[in-house]
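Enquirer: Predicted coordinates and the sequence they were generated for:
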Amino acid sequence: MYKYIIKRVLLAIPTLFGAALLVFFLLRAIPGDVCEIRLAGTGLYADPAEIELCRDKLGLNDPMIVQFWDFVSGYFTWDLGDSMWTGKPITFEIGLRFKLSLQIAIMATLVAIAIAIPLGIISAVKQDTWMDYAVRAFSIAGIAIPSFWLGIIIILGLLIVTQHWFGAPWMPPIDYVSPFEDPLRNMSQLIWPAVATGYRYSAVATRMTRSALLEVLREDYVRTARSKGLMERVIINRHALKNALLPVVTIIAIEFAFLIGGLVVTEQVFNLNGLGKLFVESVGAQDFNLTQQLVMLVVLIFVITNLVVDILYAWLDPRIRYS
Amino acid sequence: MSTPQATIEFEDIELPKKPIPARIWDLCKRQPLGAFGAVVVIAMIIMAVFANVVSPYDPERADFANMLTAPNIDYWLGTDAFGRDILTRIIYGARTALFVGFACAFVGATGGLVLGVASAYFGGIFDLIVQRIVDVVMAFPLIILALAVVATLGTGTENVIIAITIPFIPQCARVVRSNALAIREIPYVDAARALGFSDSRIILRHMVPNVMAPYLIMLTAFVGQAILLEASLSYLGMGVQEPTPAWGLMLQGGAEEFAESAPWVPIFPGLAITLAVFGFNLFGDAVRDLLDPKLRTR
């Protein structure tokens, strides 16, 4: 088991290194940098000497290889550099927003599970009835509806409903409060983006639950359970689900990293100061340092979730370790 | 027990030759959802091609006398903050969406096809390197990589197409490669090599035609994804730029402002995106079921 874990961890390193290489050179492939934008972006005359000075200060004049070395070695010294735009350390900028994004991501995952598993079960048990079709239409719609539009519609709905019923329009609060300080206010702010993001991510998991359960329901042991006269509910809950949920859990875990991508748009809609919004702002300002660190953060989350899923699988199923 | 049934009854196998409309009708009955998707796709293509004939107004003409008018007989879906007709902009937006969708899907899937087949055919070091690169690119969520590309190239329709295509290539390459690996083991590839055919001839004439099914499946699946991604990028202000009509752009702005003054402004473009992606996804699922019965979802 340890050997397997070590092997998997070592295999993750080239992926991370490749991602660092890709991101680094991608962002520097085309001329134009933060100094030009900051000093000449407004269309005013900018002194070329001043731009040079700014570049020197940010290390943009160093050879590529030196810049890359600074970038990579930063991970070992926990110095991710400064934002080229705000001038503050990137660790500070990320730390400021990490909690909010993490909370939405976890809540969205919970929303996705709460939608996917019951609906997937209904769809499989009532295969080829109108309920099955309704669930499938609902989950296909989840992939088709853009989460940012769903967010806008949720806000519109909230405003119109509160206006109509309480006489005054109500909007979710904009400033973030920790859930430990004021859980009610925190929830009233974050439940909406979590629903808008989670619905989309429930779609794949619903399909997965359905097809995995259908597969298991055809197994011999389910027939045995039926023939010894167990109630259908017991068969599904105690016998079938246990085996059907493993691939569903995998899908949800792997999607977790991609959910962060979904936050990029949702945070914009709900005007939340999270990592997604920071990412969009860093792209807009051509703040390469910040953009590349945020991309690396997402890749890191992806690699870690995959690693955890792989190790869990190996732990649950010893055959994988030895193959 | 008389003579064992040794001969195959050809009547059962030979497809009855029906006229084409009847065959299309049969197909629609077999795939009702796919048929619905196809109708949406075709309607959208017609709408986009004949945008200048179908739409009632000029998409870029601002009319400050009619700003934010509610839907009425002149402006079926109302007007936006510049007094531009929303219906017209949705029709012209279909042009942008389809152009981006097809361009990205075609280039992405074809790039993946070439890379995937070559990777399977040559094997060895080349395969290893290509697969590692594919691994790396697939570790990025679509929109994150697309935004990173936009950060480099800047905004605008062409750059958005590049930004969306890049993440598509490895996705398709991976699927095509696994299919091509199986084909390489079939003796006819060895036979072609023994005959002295060049690598490019074997790849293009002998292997590519046999991975057309996964290629077409990926291609149709990509169109919907690309439309959605373009809308997301445009919504964030990182995609297609004004005054080009694009659905994502039409949704820009605060929802709270819209709620007060003009809820129709965000509702209809969003519906257009949803319907388009819905249609392409259903169509894509039907294509997948028809081309690859093994993948059929129960």
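Expert: Received the coordinates, thanks.
Enquirer: And the helix or strand encompassing residue A:55, how far out from the chain middle?
Expert: Using DSSP states H and E, residue A:55 sits in helix A:48-58. In terms of C-alpha atoms, centre = their mean, to the nearest Å, the centre of helix A:48-58 is set 36 Å apart from its chain centre.
Enquirer: Remind me what it packs against, helices and strands.
Expert: Contact here means 3 or more C-beta pairs under 8 Å, 6 or more residues apart in numbering or on different chains; DSSP states H and E; on that basis helix A:48-58 packs against helix A:34-40. Every C-beta, even on glycine, is put in place using the N, C-alpha and C of the backbone.
Enquirer: that older thread, tell me the mean pLDDT over the helix holding residue A:55?
Expert: For helix A:48-58, mean pLDDT is 74.
Enquirer: C-terminal to the helix or strand where residue A:192 lies, what's the next element?
Expert: Here residue A:192, judged by DSSP H and E, is contained in helix A:183-217. Sequence order places helix A:220-227 as the next helix or strand after helix A:183-217, per DSSP H and E.
Enquirer: which residues touch the closest residue to residue B:210 other than its chain neighbours?
Expert: Nearest residue to residue B:210, sequence neighbours excluded (C-beta to C-beta, 6 or more residues apart in numbering or on different chains): residue B:183, at 5.0 Å. Shown in contact with residue B:183 (C-beta atoms under 8 Å, 6 or more residues apart in numbering or on different chains): B:120, B:189, B:207, B:210, B:211.
Enquirer: which residue ranges form the helices in the stretch 1-150 of chain A?
Expert: Taking DSSP state H, counting those that start in this stretch as the criterion, the stretch 1-150 of chain A carries its helices at A:2-27, A:34-40, A:48-58, A:64-77, A:90-125, A:130-144, A:147-166.
Enquirer: ok, now the stretch 151-298 of chain B?
Expert: In the stretch 151-298 of chain B, the helices defined using DSSP H, counting those that start in this stretch lie at B:157-184, B:187-194, B:199-201, B:212-235, B:247-250, B:255-261, B:264-291.
Enquirer: I'd like the contacts of residue B:183 laid out as a markdown table, including pLDDT and distance to residue A:148.
Expert: Below are the contacts of residue B:183 laid out as a markdown table (pLDDT from 0 to 100; distance: C-beta to C-beta, whole Å):
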| residue | pLDDT | distance to residue A:148 |
| --- | --- | --- |
| B:120 | 91 | 38 |
| B:189 | 86 | 47 |
| B:207 | 88 | 41 |
| B:210 | 86 | 41 |
| B:211 | 88 | 36 |
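Enquirer: Pretty sure residue B:281 is one of the things residue B:34 touches, is it not?
Expert: No: applying C-beta atoms under 8 Å, one finds residue B:34 not in contact with residue B:281, separated by 10.2 Å.
Enquirer: out of those two, which sits in the busier spot?
Expert: Between residue B:34 and residue B:281, counting by other C-beta atoms under 10 Å in any protein chain shown, residue B:281 is the more crowded of the two (23 against 20).
Enquirer: related to what we said a few turns ago, show me what counts as buried in the helix holding residue A:192.
Expert: Buried residues in helix A:183-217, defined by neighbour count with 16 or more other C-beta atoms under 10 Å in any protein chain shown: A:185-186, A:189-214, A:216-217.
Enquirer: Stretch B:67-84 now?
Expert: So, applying 16+ other C-beta under 10 Å, buried residues of stretch B:67-84: B:69, B:71, B:75, B:77, B:78, B:79, B:80, B:82, B:83, B:84.
Enquirer: What is the nearest of the residues you listed to residue B:291?
Expert: The closest of the buried residues of stretch B:67-84 to residue B:291 turns out to be residue B:77 (C-beta to C-beta; 37.3 Å).
Enquirer: So for that closest one, what's the pLDDT?
Expert: Taking residue B:77 on its own, its pLDDT is 79.
Enquirer: What's the PyMOL line that selects buried ones from the contacts of residue B:183?
Expert: Command for PyMOL that selects the buried part of the contacts of residue B:183, burial taken from 16+ other C-beta under 10 Å:
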select buried, chain B and resi 120+189+207+210+211
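Enquirer: List just the nearest of the contacts of residue B:183 to chain A.
Expert: residue B:120 (20.9 Å; C-beta to the nearest C-beta).
Enquirer: Quick check: residues of the stretch 151-300 of chain A near chain B?
Expert: Contacts of the stretch 151-300 of chain A with chain B, taken as C-beta under 8 Å from any C-beta of the partner chain, map to A:151-153, A:155-156, A:159-160, A:169, A:171, A:207, A:211, A:214, A:257-258, A:260-262, A:264-265, A:268-269, A:271, A:279-280, A:282-284, A:286, A:288, A:291, A:295, A:298-299.
Enquirer: Buried among those? Need that as a selection in PyMOL.
Expert: Those of these that count as buried under 16+ other C-beta under 10 Å are selected in PyMOL with:
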select buried, chain A and resi 151+152+153+155+156+159+171+207+211+214+257+258+260+261+262+264+265+268+269+279+280+282+283+284+286+288+291+295+298+299
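Enquirer: Leaving out chain neighbours, which residue sits closest to whichever residue of the stretch 201-323 of chain A sits closest to chain B?
Expert: Relative to chain B, the nearest point of the stretch 201-323 of chain A is residue A:261 (3.0 Å; C-beta to the nearest C-beta). Of all residues not flanking residue A:261 in the chain, residue B:141 sits nearest, at 3.0 Å (C-beta to C-beta, 6+ apart).
Enquirer: Just the pLDDT for that neighbour.
Expert: pLDDT, read off for residue B:141, is 86.
Enquirer: Likewise for residue B:246?
Expert: So residue B:246 comes in at 87 (pLDDT).
Enquirer: How about it: what's its closest non-neighbour residue?
Expert: residue B:240 (4.1 Å).
Enquirer: Just the pLDDT for residue B:215.
Expert: 91.
Enquirer: thought it was touching residue B:109?
Expert: Yes: judged on C-beta under 8 Å, residue B:215 makes contact with residue B:109 at a distance of 5.9 Å.
Enquirer: From the neighbour counts alone, determine which of those two ranks first.
Expert: Higher neighbour count among residue B:215 and residue B:109: residue B:109, with 29 against 22, using other C-beta under 10 Å.
Enquirer: list the helices and strands whichever helix or strand the more buried one is part of packs on?
Expert: Assigned by DSSP H and E, residue B:109 belongs to helix B:86-122. Identification of packing neighbours for helix B:86-122 by 3+ C-beta pairs under 8 Å, 6+ apart yields helix B:32-49, helix B:51-54, helix B:124-138, helix B:157-184, helix B:212-235, helix B:247-250, helix B:264-291.
Enquirer: Quick check: buried residues in the first one?
Expert: Right, helix B:32-49. B:33, B:34, B:35, B:36, B:37, B:38, B:40, B:41, B:44, B:47, B:48.
Enquirer: and what of the fifth one?
Expert: Going by neighbour count (16+ other C-beta under 10 Å), the buried part of helix B:212-235 is B:213-235.
Enquirer: show me what contacts residue B:44?
Expert: Applying C-beta under 8 Å, 6+ apart, the residues near residue B:44 are B:94, B:98, B:276, B:279.
Enquirer: Number of residues surrounding residue A:233?
Expert: 9.
Enquirer: and it, helix, strand or coil?
Expert: helix (DSSP: H, G, I helix; E, B strand; the rest coil).
Enquirer: Which residues of the stretch 51-200 of chain B lie near chain A?
Expert: So the stretch 51-200 of chain B meets chain A at B:132-133, B:135-137, B:139-145, B:147-154 (C-beta under 8 Å from any C-beta).
Enquirer: shaky segments in the chain?
Expert: Unless you meant another one, I'm taking chain A. A:30-34, A:37-46, A:58, A:320-323 (pLDDT under 70).
Enquirer: Switch to chain B, please.
Expert: In chain B (pLDDT under 70), the answer is B:1-17, B:254-256, B:259-260, B:292-298.
Enquirer: do that again at 80, thanks
Expert: Counting by pLDDT under 80, chain B contains low-confidence residues at B:1-21, B:23-24, B:26-32, B:54-70, B:72-83, B:253-262, B:289, B:292-298.
Enquirer: center of it, which residue is that?
Expert: residue B:223 (0.9 Å; C-alpha atoms, centre = their mean).
Enquirer: measure the residue nearest to residue B:246 to residue B:92 for me?
Expert: 11 Å (C-beta to C-beta, to the nearest Å).
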